[in-house]
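J.: coords please:
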Amino acid sequence: QTMQQCLALADSDPECNKPLALSIDDDACYCSKTTFCTQETTWSAMTTWVEVGDRSSSALSTVGALYETFNSGSTTPAPTSSPATSPPTVSPTTAPTKAPTAAPTKAPTKA
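T.: Take a look at the predicted model:
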């Protein structure tokens with residue numbers, strides 16, 4: 001069934017808690033009958049949808065207002081200069097700086 005069909009069924013069921021919390025998969029639709037909803041899916045094909053605002057309202061919910069600001073321009077000021085760079089202070093070397101403190105093992109040890 002479609003999401004719209006599930007929503008219509010949940011709206012018509014007096015046992016479904018409002019605002020709605022719906023779990024929908026390819027074959028079934030379940031509504032939360034309590035105010036507590038863990039929003040944990042029981043299998044990968046199931047999706048949980050939670051109503052966050054009044055459907056009759058033309059105003060955006062807090063989440064909707066935040067969503068509307070995505071990609072609307074940067075709120076972080078652009079840098080005014082490039083990051084400072086400096087050359088390394090020590091040249092790389094291939095020779096070790098200290099002699100080893102222990103002799104290497106010849107074979108792995110067994111516990």
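J.: which residue ranges of this protein form helices?
T.: 3-12, 62-68 (DSSP state H).
J.: where does the longest one sit relative to the chain's centre, distance-wise?
T.: On the basis of C-alpha atoms, centre = their mean, to the nearest Å, helix 3-12 is displaced by 27 Å from the centre of the chain it belongs to.
J.: for it, name the packing helices and strands.
T.: Applying 3 or more C-beta pairs under 8 Å, 6 or more residues apart in numbering; DSSP states H and E, one finds that helix 3-12 contacts strand 21-24, strand 29-31. Quick note: C-beta positions are derived from backbone N, CA and C, even for glycine.
J.: so, low pLDDT: which residues of the chain?
T.: 37-42, 72-84, 88, 96-97, 100, 104-111 (pLDDT under 70).
J.: wait, residue 5 sits on residue 29?
T.: Yes: judged on C-beta atoms under 8 Å, residue 5 makes contact with residue 29 at a distance of 7.4 Å.
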